[in-house]
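# Fold the following.
(one chain, ligands or ions: 1)
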Amino acid sequence: MRFEIIRTENYEKMSLFAAQKMITKVKENPRSVLGLATGNTPVGLYKYLILDYKTTGTSYKEVRTVNLDEYIGLDRDNKNSYFTFMRKRLFNHIDVKLHHTSIPNGVAPNLEEETVRYDKYIQKIGGIDIQILGIGHNGHIGFNEPGTSFKSRTHVVTLAESTRNANARYFNNIDEVPTHAVTMGIQSIMDSKEIILLASGTSKAEVIKRLVYGEITEEFPASVLRSHKKATIIADQAALQLI
Ligand code: PGA
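As a prediction, this is how the structure comes out:
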């Protein structure tokens, strides 16, 4: 096992630790490319980035961001789109230029072209310096569900039923949860120079155990991170209780 594990007492400390790593990266290289994630887990990290921006003035003017994924078929201003999530949770509160932020376009007229464009864009801006990931209960990273090739680039996916059920909490009912998404591929994620996987809470304990001790297999997408040269798990004690 090659990745480093940082164990924190609770969610707040996990978020603060991850924020400090990102802030250090941005200070070292103000033109950093940050890979960002949605979901509940990174919300605290974004909160601490905003707090730091407001109190110490770390600037994101030259930073570029790329997000992991987006639902297909939700307008960008839909309250559940990841486009809206990122603006509300982070972009509207720091000095990043909105045209330097990028999220796959889930309403692109030609989704195949969109996936190719997205990978090319990431390459054009020099690749991802540090990528934040959450982890699904089935081991997905981004929306790369079990069975996705480790060689995959950005692509269109059919969401697993378990993923749709997990995300239904944000929608009025399960029928409103999109069935498809565009996600950065596993190879696209692995090309990042550094990766931080965040996990919090008892519900992630089993999946973190499998990540740390289980086999490296496409049936458990996050396991690929064990072959990354610079991947760190930052997780709270509840998520690490079986480690
Ligand atoms: P969560 O989602 O942060 O809301 O638990 C993680 C994921 O599904 O990747």
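
# hey, let's count contacts and neighbours off CA atoms from now on
Will do.

# and the residue nearest to the spatial centre of the chain, how far is that from Gly142?
In the chain, the centroid-proximal residue (C-alpha atoms, centre = their mean) is Ala37; its distance is 2.6 Å. According to C-alpha to C-alpha, to the nearest Å, Ala37 stands 7 Å off from Gly142.

# shared neighbours of these two, anything?
Leu68, Asp69, Leu133, Gly134 (C-alpha atoms under 8 Å, 6 or more residues apart in numbering).

# Report the entries of those that also contact the ligand.
Gly134 (C-alpha under 6 Å from any ligand atom).

# The shared contacts of Ala37 and Gly142 in strands, which ones?
With DSSP state E as the criterion, strands contain Asp69, Leu133 from among the shared contacts of Ala37 and Gly142.

# closest to Glu113 among the shared contacts of Ala37 and Gly142?
Asp69 (15.3 Å; C-alpha to C-alpha).

# residues near the closest residue to the closest one other than its chain neighbours, how many?
The shortest distance from Asp69 to any residue other than its chain neighbours is 4.2 Å, reached at Thr183 (C-alpha to C-alpha, 6 or more residues apart in numbering). By other C-alpha atoms under 10 Å, 29 other residues sit near Thr183.

# Begin at 51 from now on, thanks
Got it, first residue is 51 now, which makes that one Thr233.

# For Thr233, list each beta-bridge partner.
Beta-bridge partners for Thr233, by DSSP bridges, are Asp119, His205.

# Please list all residues in contact with it.
Thr233 neighbours (C-alpha under 8 Å, 6+ apart): Leu118, Asp119, Glu120, Pro154, Gly192, Phe193, Asn194, Thr204, His205, Val206, Val207.

# Report the separation between the third one and Glu54.
Distance from Glu120 to Glu54, counting by C-alpha to C-alpha: 29 Å.

# Same question for the last one.
Using C-alpha to C-alpha, one obtains 30 Å as the distance from Val207 to Glu54.

# more crowded one of these two?
Neighbours per residue, other C-alpha under 10 Å: of Val207 and Glu54, the larger number sits with Val207, 18 against 13.

# which parts of the chain sit against the ligand?
Close to the ligand, as judged by C-alpha under 6 Å from any ligand atom, the chain has residues Gly89, Asn90, Thr91, Gly184, Ile185, Gly186, Ile191, Gly192.

# Now do the helix or strand of the chain with the lowest mean pLDDT: which elements does it pack against?
Within the chain, no helix or strand scores below helix 211-217, which has a mean of 93 by mean pLDDT, DSSP states H and E. Counting by 3 or more C-alpha pairs under 8 Å, 6 or more residues apart in numbering; DSSP states H and E, no packing neighbours are recorded for helix 211-217 among the helices and strands.

# so how far is the top helix by length along the chain off the chain centroid?
Ranked by residue count and defined by DSSP state H, the top helix of the chain is helix 61-78. Centroid separation between helix 61-78 and its chain, computed with C-alpha atoms, centre = their mean, to the nearest Å, is 15 Å.

# Can you list the buried residues in that helix?
61-69, 72-73, 75-76 (16 or more other C-alpha atoms under 10 Å).
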